[in-house]
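Colleague: Sequence and predicted structure below; questions after.
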Amino acid sequence: MTWLAVVATTTQQESTQQAIGYPSLFLLVLLGALVPVVPTGALVSSAAVVAFHQTAPFALALVFVTASLAAFLGDIALYWLGRRGMGSKNGSRWLEAIRSRAPEERLASAQERLAEHGVAVLVLSRLMPAGRIPVMLACLLAKWPMRRFARGNFPACLAWAVTYQLIGILGGSLFKEPWQGVVAAVGLTVVISVAPSVWKRVRAAG
């Protein structure tokens, strides 16, 4: 097989991956924003690993745009559903789902930080494991209008996408095979997500 044939085959394979991969990434991150059990950070890191090993231009940029847009739209949809629940007599299952994932201690802390620092807390909440939902609920209880929430959530989603994409790039740069980088990136995101709760338990035990 000639060099040109190898390049053509690689390009065709990458085009197929992109045609399937980006819509799938968008839908999964969007779903993860609405149903906070999907590991969206690991998805973005894994997609960044694959993009890092591709020859197609702007592959990493497309991962960033896809992930940040999906996260933003998912957050906005969840906040809108939460606002509907707040205005409803019987609430809604979405509001109940938000409340169930925001323990009283975390909610109280989020409300206090939101009152002190405002929009900046949204950016940090997206980067902190399990920090997004308590802050979103605090915004709902503070009756933030949609426009104000969106204005703060937009840079939060950008920062989130950049952070997890950098984790993927790091994993991709350490290994020659994409699957090895994916395993490393997923492992690192899992460590990051569980580290705060483990540290808190260690401090409590000590």
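Modeller: Perfect, I can see it now. Residues are numbered from 1 along each chain as shown.
Colleague: do you know how far the closest residue to M86 other than its chain neighbours is from A110?
Modeller: Excluding the flanking residues, the one nearest M86 by C-beta to C-beta, 6 or more residues apart in numbering is L140, at 5.7 Å. Where C-beta positions appear, they are placed from N, C-alpha and C, glycine not excepted. Using C-beta to C-beta, to the nearest Å, one gets 11 Å for the distance from L140 to A110.
Colleague: Name the residue in the two with the higher neighbour count.
Modeller: Neighbours were counted for L140 and for A110 using other C-beta atoms under 10 Å; A110 has more, 24 against 20.
Colleague: thinking the residue nearest to M86 is in contact with L81, fair?
Modeller: No - using C-beta atoms under 8 Å, L140 is not in contact with L81, being 10.1 Å away.
Colleague: what are the ranges of the helices in this structure?
Modeller: Using DSSP state H, the helices of the chain run over 3-34, 40-52, 59-87, 93-100, 104-117, 120-127, 132-141, 146-174, 178-205.
Colleague: Run through the residues that contact the residue nearest to M86.
Modeller: Going by C-beta atoms under 8 Å, 6 or more residues apart in numbering, L140 touches 79, 82-83, 86, 95, 98.
Colleague: same thing but 10 Å
Modeller: 78-79, 82-83, 85-86, 95, 98-99, 102, 149 (C-beta atoms under 10 Å, 6 or more residues apart in numbering).
Colleague: Before we move on, what's the pLDDT of the residue nearest to A70 when sequence neighbours are not counted?
Modeller: Nearest non-adjacent residue to A70, counting by C-beta to C-beta, 6+ apart: V29, 3.8 Å away. Looking at V29, its pLDDT reads 94.
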